[in-house]
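Participant: what's the 3D shape of this:
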Amino acid sequence: MLLPADSLLSAALSAFVHMDLFSSQYEFLDEIGIGLVNPGFFVNGQWKGDSEVITSHSSLNNEVLAKVRRGSIIDYEEGMKACCTAAKLWMATPVKMRCKIVYEIGKTLEAKLKPLSELVAHEVGKPLTEAIAEVKEVIDACNSTVQYSKQSQLVVSHSSNHITYEEWRPYGVIAIITPFYFQCAALGRGPAESPLVTIAITKLIAGVLEKNNLTGSIFTSFAGGIELNKAIVMDARIPLISFKGNYQLGKVVEHMVVKRFGKCLVESDRSDAITVLSDADIQQAVEAIVRDIVGTAGQGLSTCHRLFLHESIYGDVLDRLRQRFESITIGNPLETGTELGLLVSRATKKHFLRVIDTIKSQGGKILTGGSDTKYAGNFVQPTIAEISASATIVQGGWVLPIILVFEYQSWEEAIEINHRVCKGSGNFIFTGQAEVISTWLRNISSIFKSSDTVTPDNRTIPSHDMGNIYVNKPTTTATRDNLGLGNDSWKQYMWFTRWEVHT
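Facilitator: Down below sits the predicted model:
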């Protein structure tokens, strides 16, 4: 195809600028196979994309990183047909071979840890340490498959001359819909805000499949949009959908999947809380709160957005928190020492300011932060606000560096206020009293009069071991997809066959 002279010049200049970026600040893109314009659909072992173009920007300075060209519904159909065929092949593959493939994927990602982490830092705005931790979570999950290579077992029978044999097998075609702030650790249908992470990891996985002479259609990925999401959710060929993201949208997705008798795992943004009792180590609690809010710029499913402080320590904790928040190092997420990075996009930054206005309109008081910064890019100030527990916004949830603070007189009062939220909530309790936790565990049913569950928290937030408790409300517990290593969560993605032998 011939182009006018001025178009050729423009294209040449664009290519030159992008090549110049690759040679300096953005050279990591070339290391993981990201070009100037990238097809966004990987279907039937091939990259496709001839539809809408979306642009990925660096959250650091809003400069263009690369462009992604989406595919069409026709491409989706081709991918699904190939994926359904490949699922049968994957299910017939011996478990040791499947585990070997996943283990090799982990090693391939590990070899590209640095450029992948830099990409996550640029697209999402996380500090480099947090970006590295996210990529490592995928690597650790892949490495853990070694222990699952022998999952068949003989089950003891109560009857004589009777043996039961169980074997776990892949569920079939599984669709994973991921948000921008956790798409690396939960790769699937990539979000529009950060499609390059999806493309980069897909290329690495495709390389492993090709190396092992397996069809690329075993793994299919889309840099999708609303139309594609609807197609995935309503597709009866997908028996299991794992959704991560917005709480309200998660409810809609689950309803639509269950309506067609599919299985849906939902891990939605929660409204987690931190409760600090009067006997807690205040400095330790303050550092934990700062790390939780600031570490990912508030952009995480389990970031705490509500803080309950006992009246005897309320003023002291707030004073220390204000000082700490106001001294936070805000800057380039790729630089050592940066504590607070950026929000993922300009739209998210505008959403931050709208939430601040809503807090004020509902009688809230901004204690620190609550505004833009002097820096270029999607920077905002970490924010602490006081507000009535009955305010409507307390029921909401956001992926922003904002925390609402409440004063309480009794422990039971704090827990009761915490459980007014309709969505699932984690409660991280700081205390040095073992008897408090013992009382909690013994009397939880009488306190809440519901089916709430208590399990040990496995997060890295520092606190007293004896006081670290995680509470899930029934609204999300039933379908929550917990991918923590070392548990049986992998069984959610499997089905088992049972052989009974009578001799």
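Participant: quick one: residue 265 is in a strand?
Facilitator: Yes: per DSSP: H, G, I helix; E, B strand; the rest coil, residue 265 lies within a strand segment.
Participant: from residue 176, how far out is it?
Facilitator: 9 Å (CB to CB, to the nearest Å). C-beta here means a position set from N, CA and C on the backbone, and glycine is covered the same way.
Participant: likewise for residue 283?
Facilitator: 40 Å.
Participant: neighbour count: these two, which is higher?
Facilitator: Neighbour count, other CB atoms under 10 Å: between residue 283 and residue 176, residue 176 has more, with 20 against 11.
Participant: where's residue 244, which helix or strand?
Facilitator: strand 240-245 (DSSP states H and E).
Participant: which strands or helices does that strand pack on?
Facilitator: strand 174-177, helix 247-259, strand 263-268 (3 or more CB pairs under 8 Å, 6 or more residues apart in numbering; DSSP states H and E).
Participant: same thing but 10 Å
Facilitator: Packed against strand 240-245 by the contact rule (3 or more CB pairs under 10 Å, 6 or more residues apart in numbering; DSSP states H and E) you find strand 174-177, helix 226-234, helix 247-259, strand 263-268.
Participant: quick one: end-to-end distance for stretch 335-349.
Facilitator: 21 Å (CA to CA, to the nearest Å).
Participant: the closest residue to residue 239 other than its chain neighbours and residue 311: what is the separation?
Facilitator: Nearest in space to residue 239, with sequence neighbours left out and distances taken as CB to CB, 6 or more residues apart in numbering, is residue 172 at 5.2 Å. The gap separating residue 172 from residue 311 is 54 Å, by CB to CB.
Participant: these two: which has the busier surroundings?
Facilitator: Counted by other CB under 10 Å, residue 172 and residue 311 do not tie: residue 172 has more neighbours, with 18 against 11.
Participant: hang on, isn't residue 353 packed against residue 369?
Facilitator: No: with contact defined as CB atoms under 10 Å, residue 353 does not reach residue 369; the gap is 11.6 Å.
Participant: what touches both of those two?
Facilitator: Both residue 353 and residue 369 are in contact with residue 380, where contact means CB atoms under 10 Å, 6 or more residues apart in numbering.
Participant: more crowded one of those two?
Facilitator: Neighbour tally, residue 353 and residue 369, criterion other CB under 10 Å: the higher count belongs to residue 369, 21 against 14.
Participant: longest helix in the chain, by number of residues?
Facilitator: If you go by DSSP state H, the chain has its longest helix at helix 73-92.
Participant: now the angle from it to helix 226-234?
Facilitator: Angle, helix 73-92 to helix 226-234, by axes from the mean of the first three to the mean of the last three CA atoms, to 10 degrees: 40 degrees.
Participant: name the nearest residue to residue 278, sequence neighbours excluded.
Facilitator: Nearest residue to residue 278 in three dimensions, chain neighbours excluded: residue 310, at 4.3 Å (CB to CB, 6+ apart).
Participant: which ones are touching the one you found?
Facilitator: 275-280, 317, 407-411, 413-414, 431.
Participant: if you set the cut-off to 7 Å instead, what comes out?
Facilitator: Neighbour list for residue 310: 276, 277, 278, 408 [criterion: CB atoms under 7 Å, 6 or more residues apart in numbering].
Participant: how about these in a markdown table, adding secondary structure?
Facilitator: Listed next are the contacts of residue 310 as a markdown table, based on three-state DSSP:
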| residue | secondary structure |
| --- | --- |
| 276 | strand |
| 277 | coil |
| 278 | coil |
| 408 | strand |
